[in-house]
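> here is my input, please return the structure:
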Amino acid sequence: MVSEKECLQRQAGLCFPTEELRAESHCLYNSMPKDLSYSKSFRIKSLNKQMFGWKGYEVVGGLSVYCSEKGSPPPSAIILIPKSSVKKATRRNLLRRKAKEVFRKSVNRNKSMDYLIKFNKFIEGFENNLEGFFKNV
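All right, here's what the predicted structure looks like:
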């Protein structure tokens, strides 16, 4: 039995009987790039003292980014938020999620670089500055 919702979708032309017609449609799902995920290849597993010797930039007061060239793409990042700087875990997680999202959306994927993103305090509205940094590096 066909539901009322399915009939309305069919009348509106939203249902495609074959994969060819679905591929030819110009819906939002088909126009999205496939490689925008923050996969495991973008993560740096461990932190070491040599990372702080990389070339450093002060993006905003309380937000520093250290970067270094590496041999092969894709770029990778590690986000450091000390507990002494941001006491609440929920705020640390919020900063980490927002920084990962900015990195995922705005980093140049053809460039092979490692990034260390370090927060020294809780910063609201840092996303635009960090996005501008990744687009200009």
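> could you use CA atoms for every contact and neighbour count after this?
OK.
> and the spatially most central residue of the chain, what pLDDT?
For the chain, residue 104 is the residue whose C-alpha lies nearest the centre (CA atoms, centre = their mean; 2.1 Å). At residue 104, the pLDDT value in this model is 88.
> that one belongs to a strand?
No. Under DSSP: H, G, I helix; E, B strand; the rest coil, residue 104 sits outside any strand and is assigned helix.
> show me where this protein has strands.
Counting by DSSP state E, one finds strands in the chain at the ranges 55-60, 63-69, 76-80, 113-119.
> and those strands, which is most packed in?
Greatest average neighbour count among the strands of the chain goes to strand 113-119 (a mean of 22), per mean count of other CA atoms under 10 Å.
> quick one: average confidence on it?
Averaged across strand 113-119, the pLDDT comes to 90.
> could you tell me the angle between it and strand 63-69?
Orientation of strand 113-119 against strand 63-69 (axes from the mean of the first three to the mean of the last three CA atoms, to 10 degrees) gives an angle of 160 degrees.
> done for today, thanks.
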